[in-house]
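A.B. asks: after the sequence you'll find the predicted model.
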Amino acid sequence: MLGNHLLGKQRRDQEFSEYVATRRSRLVGTAYLLCGDRHQAEDLVQTALAKLYVAWPRVRRSDGADAYVRRILVNAGIDASRRAWRREHASSELPEQPVDEGLGLEDRDELMAALSTLAAGQRRIIVLRFWLGLSVEETAADLQITTGTVKSQSSKALQNLRGQLTDPRLAELMEDAS
C-alpha cells in the first residue's frame with residue numbers, strides 16, 4: 001500500500017515537473033508583462049507554482065492548469081501591489097531583459113514604457129487579452145470581472161496606448177487589436 005502511494009506521488013511530481021518545464025518561460029513572460037519588473041515576475045511565478053503544486057492533484061484532472069496558474073499570477077500580482085512596502089528596492093544594476101520574439105529592443109522598450117502608464121487593471125486586461133490571446137470571457141473569468149468591464153477597459157487602455165506609441169508599427173498593432 002505504501003509503495004503505491006509513493007509511486008503515485010512520484011508520478012504526480014513528474015507530471016508537475018513536466019508542466020513547469022514546458023510553461024515556466026511563458027509564465028515568467030506573462031508575470032513580467034503584468035508587473036513590469038523581472039525580479040518581481042520571478043517571485044510571482046514561484047508563488048504561483050507553489051500554490052499550483054498544492055492543488056495539482058485536483059487541477060490536473062480538470063485540464064484547467066493554465067487558467068488556474070494564470071489566475072494565481074494575477075492574484076499574486078494584485079497582492080504584491082497592495083504590499084508595496086514589502087518589495088525589494090531597485091539597485092544600480094540592470095536586471096536581465098526577457099527576450100521577446102518579433103519585437104526589437106527599441107520596440108519592446110517603448111511598448112513596456114507605454115504599458116507601465118496604464119492602470120494596473122487595464123494592464124492586466126491588455127496582457128491577458130492581447131499578449132496571451134484570451135477571449136473576453138476567459139479574461140473576465142480570470143480577473144473575476146464582467147465581460148462589459150473587460151471590453152470597456154480594453155478600449156480605454158488601447159486608446160491610451162495608441163496615444164503614447166511613436167513607432168507607427170506599434171501603433172498599427174494597437175489598431176489591429178481593436
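C.D. replies: Arrived safely. All values derive from a computational prediction rather than experimental measurement.
A.B. asks: for the rest of this, base every contact and every neighbour count on C-alpha atoms.
C.D. replies: Will do.
A.B. asks: which other helices and strands contact the helix ranked longest in the chain?
C.D. replies: For the chain, the helix with the greatest residue count under DSSP state H is helix 2-35. When contacts are defined as 3 or more C-alpha pairs under 8 Å, 6 or more residues apart in numbering; DSSP states H and E, helix 2-35 packs onto helix 38-62, helix 65-82, helix 120-126.
A.B. asks: pick out the shakiest of those, pLDDT-wise.
C.D. replies: The stretch with the lowest mean pLDDT among the helices and strands packed on helix 2-35 is helix 65-82, at a mean of 83.
A.B. asks: can you tell me the element residue 134 falls in?
C.D. replies: Using DSSP states H and E, residue 134 sits within no helix or strand.
A.B. asks: so it sits right up against residue 128, yeah?
C.D. replies: Yes - counting by C-alpha atoms under 8 Å, residue 128 is a contact partner of residue 134 at 5.8 Å.
A.B. asks: more neighbours: which of these two?
C.D. replies: residue 128 (24 against 17; other C-alpha atoms under 10 Å).
A.B. asks: in contact with the more buried one, which residues?
C.D. replies: 134, 139 (C-alpha atoms under 8 Å, 6 or more residues apart in numbering).
A.B. asks: give me that answer again for 6 Å
C.D. replies: residue 134 (C-alpha atoms under 6 Å, 6 or more residues apart in numbering).
A.B. asks: got a pLDDT number for it?
C.D. replies: Confidence at residue 128, expressed as pLDDT, is 88.
A.B. asks: repeat that for the one 4 residues further on.
C.D. replies: At residue 132 the predicted local confidence, pLDDT, stands at 84.
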